[in-house]
Structure formats: structure tokens, C-alpha cells
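Enquirer: here is my input; please provide its structure:
(chains A and B)
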There are 2 protein chains.
Amino acid sequence: MAGRSVLVTGMSGLIGRALREHVEGRYTLRALNRSAVEGVPCHRADIGDLEAIAPAFEGVDTVVHLAADATSPNPPWESILHNNVTGTYNVYEAARRAKVKRVVFASSGATVSGIEKDKPYSDLVAGRYDGLTSWPMVTHLSPVRPAALYGVSKVWGEALGRQFADTHGLSVICVRIGRVHAEDRPMSPRDFAVWCSQRDIVRLLERCVEAPEAIRYDIFFGTSRNKWGYRDLEHPSAVLGWEPVDVAEDHR
Amino acid sequence: MAGRSVLVTGMSGLIGRALREHVEGRYTLRALNRSAVEGVPCHRADIGDLEAIAPAFEGVDTVVHLAADATSPNPPWESILHNNVTGTYNVYEAARRAKVKRVVFASSGATVSGIEKDKPYSDLVAGRYDGLTSWPMVTHLSPVRPAALYGVSKVWGEALGRQFADTHGLSVICVRIGRVHAEDRPMSPRDFAVWCSQRDIVRLLERCVEAPEAIRYDIFFGTSRNKWGYRDLEHPSAVLGWEPVDVAEDHR
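Expert: Numbering: from 1, shown residues only, chains lettered A, B, ... in the order given. Have a look, this model is predicted:
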């Protein structure tokens, strides 16, 4: 075990497990998790309880905050409020108190995917490609358009991160993660726009952990380099040097 | 009593009282308020309790949602969570259940005023005008930059409104209200940028109530026409025909 001390919330989830596998041995890893995680120091607590989670943040350099209710497609309000809204506040606040340098926040494409109700995005995600040659990309500077309460909760987490960065000097990097599957390949027409392979997302998260300290706040989309994608990939390339290596279209 | 049925939350506050005075007799007014409001039908309930507030929404055409913890400068987290985060969810949800047509949401310039940490806005709000002739205006399409948890809670309310509009067909209009004072004049150097007179804000809120039904979602800044303002006033002029009549500079 060596390198910087990284606390991962939600390590038992799909992306958490993939991230662990990718970085294990290079970082001093810890887990903050509701259920037990074997093989790394794991602080078991409910993310909705600030005092209960606070000890997990002592001595940590960087937090990768993946824990959330991401139950598809639409978790109930009470769970969103407890896990995503309060839970994310608790993570930033515990990080601030423990003088953590950076929080990498697992945001979501759901912050903007409400736009899929409108053309041409509705055609893109339905696989109706006739006549579609180009379309306006959605970037980190575009207005949000959250899909479901889940997407709203991720807008909340991004705005809260911006405020902690401005007010408390915490470095916050938000990653708007695309659709990641256990099967690690596109599973629906929509995935040819928004899919992200496991290796692409864990390499992006690693870049966010390693990014220069001078980055106070930023937002990046994380999808594979999909032919029918509508989420900007130039910004993470320019700032982080991250280039996705997978392409949904290769899995047709 | 006549005209459309309008429910005002937070009618006992500064803007709520001014709005009531402006529209009384033209709308069928009701109040949803924690404390008693005399002279209009008032449903007394805690905005954080959905079941308790729900009856107030029956038969209502339009809700003007002003209730929030706006204690300056920084209300505690527990109050933000209860009154602004949960409270605003409850208002949209109760409106949806009661088939209300529109919610006018009292958002705030605090959704973007974090930018006042950066030049030239830091100079503008400090009254350091030397060499300042023009500056980029912040518009409803600019990325948010919330000041304090209060501003984050207003970003939440806007994003939630977007989602209710997209998913449930509710019409939602967000007004990013500037600094309104009981004294009804600018009180600090910053006010020469962000002040809004009482008559300007109540006329803007009225325009939002009266705006065409076809408006599904929009965001407008509400300040007076201040010489040193940085918040866009062209969009509410173009869409609503609203023109502020007051100017902070006239009160020097």
C-alpha cells in the first residue's frame, strides 16, 4: 500500500468495485460503505449521518464520492433526500472538517439528459439516425436539464461542490458519468449515445484524483467515444488529458 | 374578490406583503403560511410537511412560492434542508397533485452571486468603479455559481422546477430576485448592482403569474435597472415585456 490516501464512498457498487481494481496498490485505499467491503479498511456507516461518517475522513487526501441511490429509473423521494441530498452535503462537510484536499463527485449525465425529450436528441437516443449528421453538443457550460429526481439530486451535488470550493477552498471535480453496465457493453439504443465502458470511467476518475491541485472546481462528462454521443468530451481532454478508448458502435 | 386563484407561500414576508398589496382585489388570493395572515384565507402549516400543506393547493390556478429561510447571510444547514430543500419539493409535489397550472418560484440572485468573488464583479459590488465601462452580463443561461447554502438551495429549486415541468407538465417560472429592502432603497455599495425595488419585483411577479400558458419553464433575473448591475434584464423584457422602472443610482 502506498501513494495518496483515497477514501471511496460506495465502493461496493459497480463503479466502486471497478475503480478499486484499477487503482489498488497505487493508492492507500479506504472505503466508506453501508455494507462491508473486504480487503480494505472499511468504515461502515449511513451516508445520511454526518457524525457517523466523519471519522472515515481523518487523514484522507482525496475522496471519491460514488455513494448514492442510483436505483433505476427513479428512486423514491425519501431515499433521494436522505442518500443523495443529505448524504452529499455530509460528504462535503466531513471533507471540509477533516481538511481533505479534493472531492471527486460522481455526478451524472442525468443532470442534462432531460434534453433527450427534444429533437434531435430524442432521435439520437432512440436510434433513429436518418438524416442525423451533426447536432449541438451539450457541454459543462450548458444549462442543466435534469431527468427525474435523481438528476436533480446530482445538480444539487454539483452546486454544493461549487459553493464548498468557493467558500472553503475545497477542490471539487464533478464527473457526469454516463451509462455503465455490469455487462460492460451497450445494452439499448440509447447506450449508443451515452454508454461509458468501465475502463473509460475508472481512468477518468483516476485523472480527476491526479489532476493539478490548482483546479478548484470543474465539471466533466464521462462517456466512451460514441458515434452518436451528444455529451462533450473535449473539455476533459483539454484539462485532464483524458481520452476514452472505447466506442459503443464497436459493440454492434 | 375576483380573477384567478393564486396561492402565495410566505405571504408574511417582505415581498409577500408587497405582492399582496399590489394584486389584492384582482386575484382570489390565499396564503400558505406558518404564522397567521389576516384578511385573506390562510392555511397555516409548516412548508416542510407535505401532507399538512396539501389542502392549501386545492382549486388553485397559480402558486407564488416565496416561503424560504432567507435569514441573512447564511441560515443553518438544518433550516435550509427543511424549509428550502424539502419545502420547495413539497410545494411542487402538492401543486402537481392538485393539478395547479403554474408555480412561480422565488429563486435568488444568490444562484449566481458567487461570481462576485471574481473581477470585475468584485469591483462592481464594492463600488470600485474606476475604469469599469462594461462587463459580461450574467444571464439565465450562464453556469450557476451559488453563494452560500442559501444559493445552493435556490439552484435546487430551479432544477426541481425544470424536472417537474418536463415530467409532469407543470409550468414553472423562476425569478432570481435581487436585494429587496424594507427601506425600499439601496443600503450598501453592493446594492448599486443588485438592488430591486419593491414595485419592480411585485410587477415582475405579476407578469410571471400572467405570462402565456405556453411557457413551460423559464428563468428571469429581477433587479431594478441599476447602472452597475451585472444581471441580465433583456430576457424578461423580451419574454414578459417587463421593464423595471427604478434605478439604484437615483437614490445616491
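
Enquirer: going by C-alpha atoms from here, please, whenever you check contacts or count neighbours.
Expert: Fine.

Enquirer: in whichever strand or helix holds A:Val239, what counts as buried?
Expert: Following DSSP states H and E, the helix or strand that holds A:Val239 is helix A:234-240. Within helix A:234-240, the residues that count as buried by 16 or more other C-alpha atoms under 10 Å in any protein chain shown are A:His235, A:Pro236, A:Leu240.

Enquirer: again, but for stretch A:184-204
Expert: Across stretch A:184-204, burial judged by 16+ other C-alpha under 10 Å covers A:185-187, A:190-204.

Enquirer: and the helix holding A:Val239, what does it pack onto?
Expert: strand A:217-222 (3 or more C-alpha pairs under 8 Å, 6 or more residues apart in numbering or on different chains; DSSP states H and E).

Enquirer: helices or strands next to the strand it packs on in the packing?
Expert: Of the remaining helices and strands, those touching strand A:217-222 by 3+ C-alpha pairs under 8 Å, 6+ apart are helix A:148-168, strand A:171-177, helix A:198-210, helix A:234-240.

Enquirer: would JSON lines of those with mean pLDDT be doable?
Expert: Supplementary listing: these in JSON lines, determined by pLDDT from 0 to 100:
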{"stretch": "helix A:148-168", "mean pLDDT": "97"}
{"stretch": "strand A:171-177", "mean pLDDT": "98"}
{"stretch": "helix A:198-210", "mean pLDDT": "98"}
{"stretch": "helix A:234-240", "mean pLDDT": "98"}
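
Enquirer: near chain B, which residues of the stretch 1-150 of chain A show up?
Expert: Proximity of the stretch 1-150 of chain A to chain B (C-alpha under 8 Å from any C-alpha of the partner chain) is limited to residues A:Leu81, A:Thr86, A:Gly114, A:Leu141, A:Ser142, A:Pro143, A:Val144, A:Arg145, A:Pro146, A:Ala147, A:Ala148, A:Leu149.

Enquirer: what would these look like in a markdown table with distance to B:Val40 and neighbour count?
Expert: Supplementary listing: the residues of the stretch 1-150 of chain A next to chain B in a markdown table, determined by distance: C-alpha to C-alpha, whole Å; neighbours: other C-alpha atoms under 10 Å in any protein chain shown:
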| residue | distance to B:Val40 | neighbour count |
| --- | --- | --- |
| A:Leu81 | 33 | 21 |
| A:Thr86 | 36 | 22 |
| A:Gly114 | 39 | 21 |
| A:Leu141 | 44 | 11 |
| A:Ser142 | 42 | 12 |
| A:Pro143 | 38 | 16 |
| A:Val144 | 38 | 25 |
| A:Arg145 | 37 | 22 |
| A:Pro146 | 37 | 27 |
| A:Ala147 | 38 | 28 |
| A:Ala148 | 36 | 21 |
| A:Leu149 | 34 | 24 |
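
Enquirer: show only the entries of those residues found in helices.
Expert: In helices, defined here by DSSP state H, the members of the residues of the stretch 1-150 of chain A next to chain B are A:Ala148, A:Leu149.

Enquirer: first residue to last residue on stretch A:141-156, what's the distance there?
Expert: Stretch A:141-156 stretches 16 Å from its first residue to its last (C-alpha to C-alpha, to the nearest Å).

Enquirer: ranking helices and strands of chain A by mean pLDDT, which lands last?
Expert: The least trusted helix or strand in chain A, going by mean pLDDT, DSSP states H and E, turns out to be helix A:77-79, with a mean of 94.

Enquirer: how far off helix A:148-168 does the helix or strand that it is followed by point, in degrees?
Expert: Past helix A:77-79, further along toward the C-terminus, the next helix or strand under DSSP H and E is helix A:87-97. With axes from the mean of the first three to the mean of the last three C-alpha atoms, to 10 degrees applied, the angle from helix A:87-97 to helix A:148-168 works out at 20 degrees.

Enquirer: what angle separates helix A:87-97 from strand A:171-177?
Expert: Relative orientation of helix A:87-97 and strand A:171-177, computed by the same axes, to 10 degrees: 150 degrees.

Enquirer: quick one: helix A:87-97 to chain centroid distance?
Expert: Average the C-alpha atoms of helix A:87-97, do the same for its chain, and the two points are 16 Å apart (C-alpha atoms, centre = their mean, to the nearest Å).

Enquirer: for that helix, buried residues please.
Expert: By neighbour count with 16+ other C-alpha under 10 Å, helix A:87-97 contains the buried residues A:Gly87, A:Thr88, A:Tyr89, A:Asn90, A:Val91, A:Tyr92, A:Glu93, A:Ala94, A:Ala95, A:Arg96.

Enquirer: any idea of the pLDDT on the last one?
Expert: If I follow you right, that is A:Arg96. pLDDT recorded at A:Arg96 is 98.

Enquirer: one more: the third one?
Expert: For A:Tyr89, the pLDDT comes out at 98.

Enquirer: equivalent analysis for the one 10 residues further on, please.
Expert: In the predicted model, A:Lys99 carries a pLDDT score of 98.

Enquirer: start and end of stretch A:218-238, how far apart?
Expert: Using C-alpha to C-alpha, one end of stretch A:218-238 lies 12 Å from the other.

Enquirer: can you name the residues in contact with that stretch?
Expert: Applying C-alpha atoms under 8 Å, 6 or more residues apart in numbering or on different chains, the external contacts of stretch A:218-238 come out as A:109, A:121, A:124, A:135-140, A:172-179, A:192-197, A:200-201, A:204, A:242-249.

Enquirer: buried among these? Make that a PyMOL selection.
Expert: Buried residues within the contacts of stretch A:218-238, as defined by 16+ other C-alpha under 10 Å, are selected in PyMOL through the command that follows:
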select buried, chain A and resi 109+121+124+138+139+140+172+173+174+175+176+177+178+179+192+193+194+195+196+197+200+201+204+242+243+244+246+247+248+249
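
Enquirer: distance of A:Gly87 relative to B:Tyr89?
Expert: Counting by C-alpha to C-alpha, the gap between A:Gly87 and B:Tyr89 amounts to 17 Å.

Enquirer: roughly how far does A:His181 sit from A:Glu78?
Expert: Taking C-alpha to C-alpha as the measure, A:His181 and A:Glu78 are separated by 26 Å.

Enquirer: more neighbours: those two, which one.
Expert: Using other C-alpha atoms under 10 Å in any protein chain shown, the more surrounded residue of A:His181 and A:Glu78 is A:His181, with 16 against 11.

Enquirer: OK, contacts around that one?
Expert: A:His181 makes contact with A:Leu14, A:Met187, A:Ser197, A:Gln198, according to C-alpha under 8 Å, 6+ apart.

Enquirer: circling back: quick one: the buried residues of helix A:87-97 as CSV, columns for distance to A:Ala211 too.
Expert: What follows is the buried residues of helix A:87-97, written out as CSV (distance: C-alpha to C-alpha, whole Å):
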residue, distance to A:Ala211
A:Gly87, 25
A:Thr88, 22
A:Tyr89, 23
A:Asn90, 24
A:Val91, 20
A:Tyr92, 19
A:Glu93, 22
A:Ala94, 22
A:Ala95, 18
A:Arg96, 19
